[in-house]
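Asks: kindly return the folded structure for what I paste below:
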Amino acid sequence: MHHPQSRPLRATKSPALSGRVRVPGDKSISHRSLMFGGLAAGETRITGLLEGEDVLRTGEAMRAMGALIERRGGEWLVTGTGNGALLEPREPLDFGNAGTGVRLTMGLVGSYDMTTRFVGDASLSKRPMGRVLEPLKEMGLQVVSAEPGDRLPITLRGPRHAAPITYRVPMPSAQVKSAVLLAALNTPGVTTVIEPVPTRDHTEKMLAGFGAALEVETDAEGVRHIRIEGQPRLVGQTIAVPGDPSSAAFPLVAALIVPGSDLVIENMLMNPTRTGLVATLLEMGADITILERRNEGGEDVADLHVRSSDLKGVTVPAERAPSMIDEYPVLAVAAAFSEGETRMEGLEELRVKESDRLSAVANGLKINGVDCVEGEASLSVTGRPGGKGLGGGTVETHLDHRIAMSFLVMGLAAEKPVTIDDQAMIATSFPDFTGLMQGLGAQFG
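Replies: Numbering: from 1, shown residues only. Sure thing, here's the model as predicted:
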């Protein structure tokens, strides 16, 4: 929920950050845990769930369609409806600010013979839904009503019998891929998604874990073909959600740019489709040691030991974008303290996030004294090692949690304080961000 009165927050130059920290559970896996648990037969037990507003909205939507979801002690218990047995929701499903939740749920209900209405907050209502709806229409879904440009509120009517399709994803998007795979769960026959550029693969891994008949083949050109058999029996699972790399990015970058910092980030998801930021920071000269690599619930997990570092500018190739799309704002902050120029390419997806994230980042950098050039799908940042002359500005967050947190991190190492215009929306993905960072020594006020 966004409060009518905004709550600004200021970050000032901090002493060395130190300690051990666990970031909230991965957002992508948390959304899917509630969805697949709510769909599967029997009970799913989830520990480490991200209890941010976005994920809880997904839980509410699953409840509205017949799942039983309760928090008991430190875990969440979900009793599912059984695949193919979701109920038509009586009220509109309100997703607040949750882009992942709304797009995946459109896929989930897209093959059901029922009518579902989707609503969201002002920010979510600006975001286009067309690219998720296109393949679903091929399967038989009808868009009964929508705002111009396929925006919320949207009412969908599923087909009596959905048709399996073969769909080549036109742009790298885990949400579009996932929506088609979820629609396939209630569709007879085999549905195939062709993915030219690999994106995060939690949907495939987790559906297989819940019992779906799914196979992934990579051809000679590196194109992934994902085939799923419709109408599988899905069975409840026990899930330990690892730490979210997109949330870990904030203490990680803060430790690199605040002199003298020494930090361990525990239990972080190291799925190769999600580690682009770590790879990029290592190329920039970051002192990051990966400890205790292990496998939990089919996902790679590790602890990261991070020490402050003298970073150097690099060019980040466009093909790395899908593995770090949410981390570019905080990478841009790291670049502001690096020697030389950092160039980021392939950023068109940032134009359609919670805000036009690309211009929000560029404007925030400029107002705080950073030299940067914003292209159509690129950003170049020329850094100032030590943060000399940086800061002093107030950043417009545009109700975007990642913009807010990125610029608070900047203020911890800049010469002058950095202020954000509103901190309220940080709760959507990282409710304890300020408390956790202050516990490491960060100066907010």
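Asks: all contacts plus neighbour counts: C-alpha atoms, from now on.
Replies: OK.
Asks: part of a helix, is Ser178?
Replies: Yes. Counting by DSSP: H, G, I helix; E, B strand; the rest coil, Ser178 is part of a helix.
Asks: that one is in contact with Arg200, isn't it?
Replies: No. Using C-alpha atoms under 8 Å, Ser178 is not in contact with Arg200, being 9.8 Å away.
Asks: any weak-confidence spans in the stretch 1-150 of the chain?
Replies: The stretch 1-150 of the chain contains residues with pLDDT under 70 at 1-4.
Asks: strands along that one, start to end?
Replies: 9-12, 18-22, 43-47, 68-72, 75-79, 93-94, 115-119, 142-147 (DSSP state E, counting those that start in this stretch).
Asks: what helix or strand does Ala249 sit in?
Replies: Assigned by DSSP states H and E, Ala249 belongs to helix 245-257.
Asks: which neighbouring elements make contact with the helix or strand following that helix?
Replies: Counting by DSSP H and E, the next helix or strand C-terminal to helix 245-257 is strand 262-269. If contacts are counted by 3 or more C-alpha pairs under 8 Å, 6 or more residues apart in numbering; DSSP states H and E, strand 262-269 sits against strand 18-22, helix 245-257, strand 299-307.
Asks: one more time with 10 Å
Replies: strand 18-22, helix 245-257, strand 287-296, strand 299-307 (3 or more C-alpha pairs under 10 Å, 6 or more residues apart in numbering; DSSP states H and E).
Asks: avg pLDDT for the second one?
Replies: Okay, so that is helix 245-257. In this model, helix 245-257 has an average pLDDT of 96.
Asks: now the helices for this structure?
Replies: Using DSSP state H, the helices of the chain run over 27-39, 53-64, 99-109, 130-138, 174-184, 202-210, 245-257, 276-283, 328-336, 357-367, 401-411, 433-440.
Asks: buried residues in the fourth one?
Replies: When you say that, I think you mean helix 130-138. Across helix 130-138, burial judged by 16 or more other C-alpha atoms under 10 Å covers Arg131, Val132, Leu133, Pro135, Leu136, Lys137.
Asks: export the helices of the chain to TSV and tack on distance to Gly375?
Replies: Formatted as TSV, these follow (distance: least, C-alpha to C-alpha, whole Å):
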stretch	distance to Gly375
helix 27-39	29
helix 53-64	30
helix 99-109	25
helix 130-138	24
helix 174-184	24
helix 202-210	31
helix 245-257	24
helix 276-283	20
helix 328-336	14
helix 357-367	9
helix 401-411	18
helix 433-440	31
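Asks: could the buried residues of helix 130-138 go into CSV alongside distance to Gly59?
Replies: Shown next, in CSV, are these (distance: C-alpha to C-alpha, whole Å):
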residue, distance to Gly59
Arg131, 24
Val132, 20
Leu133, 22
Pro135, 25
Leu136, 22
Lys137, 25
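Asks: which of those lies closest to Gly435?
Replies: Each of those was checked against Gly435 using C-alpha to C-alpha; the closest is Val132, at 36.3 Å.
Asks: contact partners for the closest one?
Replies: Listed by C-alpha atoms under 10 Å, 6 or more residues apart in numbering, the contact partners of Val132 are 103-104, 106-107, 150, 169, 173, 175-180.
Asks: domain ranges for the protein?
Replies: With domains defined by automatic domain parsing, the chain comprises 9-25+243-444, 27-240.
Asks: what's the burial count for the closest residue to Ala332 other than its chain neighbours?
Replies: Of all residues not flanking Ala332 in the chain, Val381 sits nearest, at 6.9 Å (C-alpha to C-alpha, 6 or more residues apart in numbering). As a burial measure, Val381 scores 27 neighbours (other C-alpha atoms under 10 Å).
Asks: what's the per-residue pLDDT of Val381 here?
Replies: 98.
Asks: now swap in Val301 and tell me
Replies: 92.
Asks: surely Glu341 touches Thr382?
Replies: Yes. Taking contacts as C-alpha atoms under 10 Å, Glu341 lies within contact range of Thr382: 4.3 Å.
Asks: what touches both of the two?
Replies: Gly313, Ala335, Asp371, Cys372.
Asks: show me the beta-bridge partners of the third one.
Replies: Asp371 has the following beta-bridge partners by DSSP bridges: Thr382.
Asks: contacting residues around it?
Replies: Listed by C-alpha under 10 Å, 6+ apart, the contact set of Asp371 reads Ala336, Glu341, Ala362, Leu365, Ser380, Val381, Thr382, Gly383, Arg384.
Asks: circling back: which of the contacts of Val132 count as buried?
Replies: Applying 16+ other C-alpha under 10 Å to the contacts of Val132 flags 103-104, 106-107, 150, 169, 173, 175-180 as buried.
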